[in-house]
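Participant: Sequence first, then the predicted structure, then my questions.
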Amino acid sequence: MSILDSISNFTGNLTGGLGGNMSADMAIDLGTANTLIAISGEGIVINEPSVVAIEKASHRVLAVGHEAKNMINHTPDAFSAEHPLKDGVIADYDVTEAMISAFINKAAPRKYPWQAKPRIVICIPCGATSVEKRAVFEAAIQAGARQAYLIEEPMAAAMGADLPVTEPTGSMVVDIGGGTTEVAVISLGGIVTSSSLRLAGNKMDEAISMHLRDLLGIKIGERTAEVIKIKIGSILPFEDGRERDMIISGQDMVTEQPKEVTIQSEDVRAALIEPCEDMVLSIKETFKKTNPDLASDIIQNGILLTGGGGLLSGLDRYLTDKLEIPVWVSETALTNVVTGCLKVLETPTALRQTLMRSR
Ligand SMILES: Nc1ncnc2c1ncn2[C@@H]1O[C@H](COP(=O)(O)OP(=O)(O)OP(=O)(O)O)[C@@H](O)[C@H]1O
Ligand SMILES: [Mg+2]
């Protein structure tokens, strides 16, 4: 599928869409874990968790982003802090729309009602169904976009990381986010082969929670599990040869009393093996479906590892070992998708050529 296939699916009029004044136009990485917004000439202006705090009775949005994430597990019963996206796609349409709307307004408030609404390039997982794609498109329009263009996440990530996506060579991207692991082979401006696994950073957190519950009889919250993963999580022994430990607090499984324990990085690693093995299988499957010429390019060029989940300590070395192909982690793993979406906004001519070439 070419870069703009999904865009044209929903707009019908591609050539008129991206050419005009782009001052307020926006690129959005609508992620399960984080939402980023970039504006032409300004760069990234929003980088916040995809979380919304809601008053249950009235469904009123109280806070979004960082402020709402800080409320997770601390909200009184009358309020809830929600993740409106699950596994890369919209799980709660109204809450997603409210969140996008709040972020758009924060990114570039419209000073006057007659001011033009922004055009938006927004990403979708490559495994999204047409209903899921339509939901993102509608949510962007309802949240205040004049026009919305959809781009598949690994393509945006590859463009953001400056891979030669339009060249006649094969590039492979593995984007491990919060909800999905997207694997794609890109050549001549299009995705040639792809897979989307609904398992990524969030499932690593769940695996850590379950493992510590079974091992130490402690119940921990989702934020604690994520902090553990980022601070002492690793899929291979650390390069300095030293293991880590960390004091965590949670609830005793039996007494439900507060409990504090010291956990070891080896135990966290044991929890991470299963999700990481599933990712290896998904990448291998995609690689098997790739034609031999592109496969040989990938062996030569290596695989780009991106997305926040790709930052797990040792994952690049682990994948290199399991796949027997060099895997390198992007230095801009958390921002490649939004940067790629911004490039789509800024280079319409190149993309139109890409579209024509790949058809
Ligand atoms: N240093 C790190 N080590 C391990 N995991 C990390 C690190 N930094 C961030 N993460 C994880 O990366 C995930 C978020 O990544 P990202 O922002 O790319 O996801 P997303 O784009 O919101 O999700 P998706 O693309 O699946 O919809 C979270 O699970 C987070 O815990
Ligand atoms: Mg993502």
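Facilitator: Perfect, thanks for sending it. Ligands and ions are numbered 1, 2, ... in the order given.
Participant: Every contact and neighbour count from this point should use C-alpha atoms.
Facilitator: Noted.
Participant: residue contacts, Phe238?
Facilitator: Residues near Phe238 by C-alpha atoms under 8 Å, 6 or more residues apart in numbering: Ser313, Gly314.
Participant: Got phi/psi on it?
Facilitator: phi -60, psi 150 (degrees, to the nearest 10).
Participant: Near ligand 1, which residues of this protein are found?
Facilitator: Selection of the chain residues close to ligand 1 by C-alpha under 6 Å from any ligand atom yields 31-34, 88, 177-180, 201-202, 226, 229-230, 307-309, 311-312, 334.
Participant: So which of the residues you listed belong to strands?
Facilitator: Judged by DSSP state E, strands contain the following of these: Asn34.
Participant: can you give me the helices for the stretch 1-150 of the chain?
Facilitator: Counting by DSSP state H, counting those that start in this stretch, the stretch 1-150 of the chain has helices at residues 5-11, 14-17, 66-69, 93-107, 130-142.
Participant: Select, out of the ones you listed, the one closest to Thr320.
Facilitator: Closest to Thr320 of the helices of the stretch 1-150 of the chain is helix 5-11 (C-alpha to C-alpha; 31.9 Å).
Participant: which of the residues in the helix or strand where Leu212 lies are buried?
Facilitator: Assessed by DSSP states H and E, Leu212 sits inside helix 201-216. Residues 201-213 are the ones in helix 201-216 that count as buried (16 or more other C-alpha atoms under 10 Å).
Participant: And for stretch 293-313?
Facilitator: Buried, per 16+ other C-alpha under 10 Å, within stretch 293-313: 294-295, 298-299, 301-313.
Participant: do stretch 254-264 as well
Facilitator: Lys259, Ile263, Gln264.
Participant: Can you give the contact residues for it?
Facilitator: Gly217, Ile218, Glu243, Arg244, Asp245, Met246, Ile247, Ile248, Ser249, Gly250, Gln251, Asp252.
Participant: and that stretch, how far from the chain's centre?
Facilitator: The chain centre lies 32 Å from the centre of stretch 254-264; the measure is C-alpha atoms, centre = their mean, to the nearest Å.
Participant: For Asp94, which residues are in contact?
Facilitator: Not one residue lies near Asp94 by C-alpha under 8 Å, 6+ apart.
Participant: ok, now how distant is it from Arg213?
Facilitator: 34 Å (C-alpha to C-alpha, to the nearest Å).
Participant: do the same with Arg317
Facilitator: Taking C-alpha to C-alpha, one finds Arg317 at 28 Å from Arg213.
Participant: With Glu206 instead?
Facilitator: Taking C-alpha to C-alpha, one finds Glu206 at 10 Å from Arg213.
Participant: got the contact list for Trp328?
Facilitator: Trp328 neighbours (C-alpha under 8 Å, 6+ apart): Gly302, Ile303, Leu304, Leu305, Asp316.
Participant: pretty sure it belongs to a helix, no?
Facilitator: No. Checked against DSSP: H, G, I helix; E, B strand; the rest coil, Trp328 lies outside a helix; its state is strand.
Participant: Any figure for the gap between it and Asp316?
Facilitator: Trp328 sits at a distance of 6 Å from Asp316 (criterion: C-alpha to C-alpha).
Participant: Just give me the residue right at the centre of this protein.
Facilitator: In the chain, the centroid-proximal residue (C-alpha atoms, centre = their mean) is Gly177; its distance is 3.9 Å.
Participant: where's the nearest residue in space to that one that is not next to it in sequence relative to Glu152, distance?
Facilitator: Nearest non-adjacent residue to Gly177, counting by C-alpha to C-alpha, 6 or more residues apart in numbering: Gly307, 4.9 Å away. Noted for Gly307: a distance of 14 Å to Glu152, by C-alpha to C-alpha.
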